[in-house]
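[1] just coords:
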C-alpha cells in the first residue's frame, strides 16, 4: 500500500489527546523498531516512559498520518524547557549562546517514523512539515543515529545540519545532533 495525497490524512494532536493516540504511537513504534527490541533502550517500556516524559511538556504536539483510516506514520515534538538537559549530553559542549533555552527557542523533534509500506513516498516529509507548520520556535533539533547515513542525508535535504554528537542516556547510542532554523 502506498500513500497518495488523496488518501492520506494528517491529523494534529496535543498533549490533552495523548491517551487517545498512545496505542497508535506505541504500536507503530513497536513495528518500526521490532528488530531492535533486544536492546533494552529500544524496548516498548522505555519508549512509553520517554513518550510520557516528552508529552508532559507544554507545547507537545504529534501529527499522525492515516491512509484510508490506517495509521501510516507519525512525528511528535515539544519545546525544550528553560532548564533542559538536552544540550548537556553533547560530547563536545556547545557555546552557551547555542545551548541557552527559554522554553520557546527550540523545538525538539523526538520521534518521526513511517511504516514500511509508506516509506519512500514522501510521507515522512509531509508529516514533518505539518508538525513544524505554525510553530512559534526559532529552530528545531533532532537526533539521528549517524550509522543511518541515508536518514541523516535525508534530514540534510530538509535543511538540518549536524552540530555535534550526544548520548542522551547512559545506555543509548551516540546520536548526531541536528539543527534547522524555522521560518
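    Thanks, I have the structure now. Note that the structure is a prediction, hence the values are computed from the model and not measured.
[2] so which bits of the lengthiest helix in the chain are buried?
    Of all segments of type helix in the chain, defined using DSSP state H, the longest is helix 18-32. Neighbour-count burial for helix 18-32, counted by 16 or more other C-beta atoms under 10 Å, picks out 18, 21, 25, 28-29, 32. C-betas here are computed from N, CA, C, even on glycine.
[3] ok, now stretch 127-137?
    So stretch 127-137, judged by 16+ other C-beta under 10 Å, has buried residues 127-128, 130-132, 135, 137.
[4] do the same with stretch 164-173
    In stretch 164-173, counting by 16+ other C-beta under 10 Å, buried: 164-166, 168, 172-173.
[5] pLDDT on that stretch, on average?
    Mean pLDDT, stretch 164-173: 96.
[6] separation between the residue nearest the centre of the chain and residue 26?
    Centroid check for the chain by C-alpha atoms, centre = their mean gives residue 111 as the closest residue, at 2.5 Å. Relative to residue 26, residue 111 is positioned 11 Å away (C-beta to C-beta, to the nearest Å).
[7] where do the contact lists of the two overlap?
    residue 51 (C-beta atoms under 8 Å, 6 or more residues apart in numbering).
[8] which other residues reach the helix or strand residue 162 falls within?
    Here residue 162 sits within strand 161-166, counting by DSSP states H and E. For strand 161-166, contacts defined as C-beta under 8 Å, 6+ apart pick out 89-92, 94, 98, 143, 146, 152, 174-180.
[9] follow-up on the earlier one: C-terminal to the longest helix of the chain, what's the next element?
    helix 44-55.
[10] next, the angle from that next one to helix 18-32.
    Angle between the axes of helix 44-55 and helix 18-32 is 140 degrees (criterion: axes from the mean of the first three to the mean of the last three C-alpha atoms, to 10 degrees).
[11] and helix 44-55, what does it pack onto?
    Contact here means 3 or more C-beta pairs under 8 Å, 6 or more residues apart in numbering; DSSP states H and E; on that basis helix 44-55 packs against helix 18-32, strand 70-79, strand 106-114.
[12] elements contacting the longest one?
    Packing partners of helix 18-32 (3+ C-beta pairs under 8 Å, 6+ apart): helix 44-55, strand 61-67, strand 70-79, strand 106-114.
[13] looking at these, which is buried most?
    Compared across the helices and strands packed on helix 18-32, strand 70-79 shows the largest average neighbour count, a mean of 23 (mean count of other C-beta atoms under 10 Å).
[14] output the helices and strands packed on helix 44-55 in a markdown table; the columns should cover distance to residue 62 and mean pLDDT.
    Output for the helices and strands packed on helix 44-55, formatted as a markdown table (distance: least, C-beta to C-beta, whole Å; pLDDT from 0 to 100):
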| stretch | distance to residue 62 | mean pLDDT |
| --- | --- | --- |
| helix 18-32 | 6 | 97 |
| strand 70-79 | 4 | 98 |
| strand 106-114 | 8 | 98 |
